[in-house]
Each structure stands twice: as structure tokens, then as C-alpha cells.
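[1] predicted model and sequence below, questions to follow.
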2 protein chains.
Amino acid sequence: MSEVVHTLAGDFVAEKSLCIYFAGSIRAGRDDVPTYAKLINKLKDYGKVLTEHVGDYHLSVGGQSFLSDKFIHDRDLYWLRNSQVLVAEVTTPSLGVGYEIAYANIWRIPVITLYKRGEKSVSAMISGSEGCRHFEYENVEEAYHIIEIEMVKLGYEAHHES
Amino acid sequence: MSEVVHTLAGDFVAEKSLCIYFAGSIRAGRDDVPTYAKLINKLKDYGKVLTEHVGDYHLSVGGQSFLSDKFIHDRDLYWLRNSQVLVAEVTTPSLGVGYEIAYANIWRIPVITLYKRGEKSVSAMISGSEGCRHFEYENVEEAYHIIEIEMVKLGYEAHHES
């Protein structure tokens, strides 16, 4: 039943709906996958989430080992380049997520970063970046609420038809 | 005795020696600080390491809490922009390090990434990036050797006078 896309299909470029890039840790640890899945589900109310596999429970820290690292890198940057919003869950520190946020900043793609309040602090490169709309949240309902408010500010409406 | 610089002194811009940006995890975890300190010491044979504080044992995961996150972000990108090489130790996953690597790639600053071989894998956004000279190492001596070889390839000589 998985409809998770792993290839550079490219058909989404003709997609009329909003394209959203969701970023979360893969190889750095999958502890927050349940949250990623919920946030992705929420974001699907607004448009197409190009990176649904990030919230897929079957995807281990090994990542998509059937694909080369260069393929994954180039595909992910291509997807990001074709997105109108990047939403990143940044509680589990991840090199890839930091890398993607920087590219989004440079490409002037709006970035929403969500950090689950805890004992640690998020990187200053995220919380101190003017390119990031950075928020801490306590629970997933609060994260949903932040998404709703920020998406309205960016001019995007929920369709509730995903 | 600490000569660690935390401010935007700016005098290094007139620096004639090679400026090296060393990146390692701060808020994501300080487990690898002993390695960072050794690598920074090695790099000082080649020029000025602008981010010596990353290898400072006194700097906790709290980071430089007397500075604002925006100050740290802007200072670090300013230092990176004025460096000729980025050397990143990427074993502990870090949002900030990933972010800095992406900026270095975009600014065409050569990037050497060093990953201590272990059970996990580094992010595909690093190992799959054409902008990164990515290496795995077993021990710090092997990391030194990689630095020596890559610095020669980049045209930089050791002075052994730090």
C-alpha cells in the first residue's frame, strides 16, 4: 500500500498544488518518526509532501540503501528546489536537515523549523537564522497549531482533502 | 590562558595566512571534543583556525550562552565566508555543521568531511555531495594523514610553527 516515491519521477513539477518539503532525521536516528508521520499527515492538508518517506516507519536509519548517496543527495536537492515551503522537525540533530535548511535559505524558500522543547537547545545556526521561522512546541497539537498559523501567513490554505 | 575568540574582531580578514574553518557539534553533543581539539591542533600547522572554541573542553552543549543565537549565526557565517577551507568532523550529527557545509558548497569553499567509522552511516547529503571531500577514518592518526594529503591537493603547506 506504500505510495512512497523514491525516484526522480519529476511529474510533480507539473503539480498544481503546493509542493512541501518535509525534513527530518534519517541516518542520525529515527526516534521522532511518529512525530514526523503526524506532521506530514497534517501538511498533506495543504498540498503535496514530496518527502513522505521521511515519516515512513519502514525506513530505518540505514536509509534508502538501494539508492546511491549521490542519487539521494541530488534527488533531495531537486525536490527542495521545486518546493514552495520547507518544514523541518529539528529535535533530533541531523546533518542532512541542516544542509537542506541552508539551501532553502539561499533559494529564498520559506522555512518553518519545529523543535520539541526539552533539556537541550537547538543549534544557533537554526534559531539564529533570519531565514528560519523557528518554533518550540510541547506536543504535536501545538505543532499543528504553529503550522496552521504559519501557513496562513505564507498565504496557503488547508484543503482537508488529503 | 584561553585565547579563544568569541567576537567579530574582523582582524583576521587582514590575515595573510590561510584561514581554516573547523566545524564540529556543539549543542548536539560534545562527545567528540577530544578529537576536535586534536584535529584543530593539526590544522594550526597550516594556518589560522577561526573556530578554535569548537575544540575547547570548557565549551559545553549550552554553547556560548552569553551571545545571542543571531550573533553566533552571523559571526559563524562571516568567519566561514572568509575561510579558504572548511574541515568538518561529522561523526556526531549536527544541524549547524550540515548548515555550514551547505553554505561552503554554495560559496565554492573546499570542504573536507571526516567521519569516524562505526555502526552508523553519515548523512547521504554529505557523502553524496560533490562539494565534499568525504572520508571515513579509524583513528586520529588516520585523520591526520587524510588532512595532510587533502591539504597538499588544495595547494596548502604545513608550517609546523603553531
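    Done, it's in. Residues are numbered from 1 along each chain as shown, chains lettered A, B, ... in the order given.

[2] does the residue nearest to A:Val140 when sequence neighbours are not counted count as helix, strand or coil?
    Distances taken as Cβ to Cβ, 6 or more residues apart in numbering or on different chains place A:Lys38 nearest to A:Val140, at 5.2 Å, with adjacent residues excluded. (C-beta placed from N, C-alpha, C; glycine too.) Secondary structure, DSSP: H, G, I helix; E, B strand; the rest coil: A:Lys38 is helix.

[3] the one 10 residues further on too?
    Remark: A:Lys48 carries the secondary structure label strand [criterion: three-state DSSP].

[4] show me where chain A has its strands.
    In chain A, the strands defined using DSSP state E lie at A:18-23, A:47-49, A:85-89, A:111-116, A:132-137.

[5] now render the ones you listed as JSON lines, adding mean neighbour count and mean pLDDT.
    Output for the strands of chain A, formatted as JSON lines (neighbours: other Cβ atoms under 10 Å in any protein chain shown; pLDDT from 0 to 100):
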{"stretch": "strand A:18-23", "mean neighbour count": "22", "mean pLDDT": "97"}
{"stretch": "strand A:47-49", "mean neighbour count": "21", "mean pLDDT": "96"}
{"stretch": "strand A:85-89", "mean neighbour count": "26", "mean pLDDT": "98"}
{"stretch": "strand A:111-116", "mean neighbour count": "23", "mean pLDDT": "98"}
{"stretch": "strand A:132-137", "mean neighbour count": "19", "mean pLDDT": "98"}
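
[6] a markdown table please, covering these and showing distance to A:Lys153.
    Shown next, in a markdown table, are the strands of chain A (distance: least, Cβ to Cβ, whole Å):
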| stretch | distance to A:Lys153 |
| --- | --- |
| strand A:18-23 | 14 |
| strand A:47-49 | 16 |
| strand A:85-89 | 11 |
| strand A:111-116 | 10 |
| strand A:132-137 | 8 |
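
[7] mind putting these into a markdown table with distance to chain B?
    Below are the strands of chain A laid out as a markdown table (distance: least, Cβ to the nearest Cβ, whole Å):
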| stretch | distance to chain B |
| --- | --- |
| strand A:18-23 | 10 |
| strand A:47-49 | 18 |
| strand A:85-89 | 9 |
| strand A:111-116 | 9 |
| strand A:132-137 | 9 |
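
[8] looking at the ones you listed, which is nearest to B:Asp74?
    Closest to B:Asp74 of the strands of chain A is strand A:132-137 (Cβ to Cβ; 13.3 Å).

[9] could you report the separation of A:Tyr46 from chain B?
    According to Cβ to the nearest Cβ, to the nearest Å, A:Tyr46 stands 24 Å off from chain B.

[10] kindly report the same for A:Pro110.
    Remark: distance between A:Pro110 and chain B (Cβ to the nearest Cβ) = 16 Å.

[11] specify the residue positioned farthest from the middle of chain A.
    Computed with Cα atoms, centre = their mean, the maximum C-alpha offset from the centroid of chain A is found at A:Glu119, amounting to 22.9 Å.

[12] ok, it to B:Ala28 distance?
    13 Å (Cβ to Cβ, to the nearest Å).

[13] same question, A:Tyr156
    Using Cβ to Cβ, we find A:Tyr156 at a distance of 31 Å from B:Ala28.

[14] name the residues linked to the one residue sitting closest to the centre of chain A by a beta bridge.
    Closest residue to the average C-alpha location of chain A: A:Phe22 at 1.5 Å, with Cα atoms, centre = their mean. Listed by DSSP bridges, the beta-bridge partners for A:Phe22 are A:Val87.

[15] thank you, goodbye.
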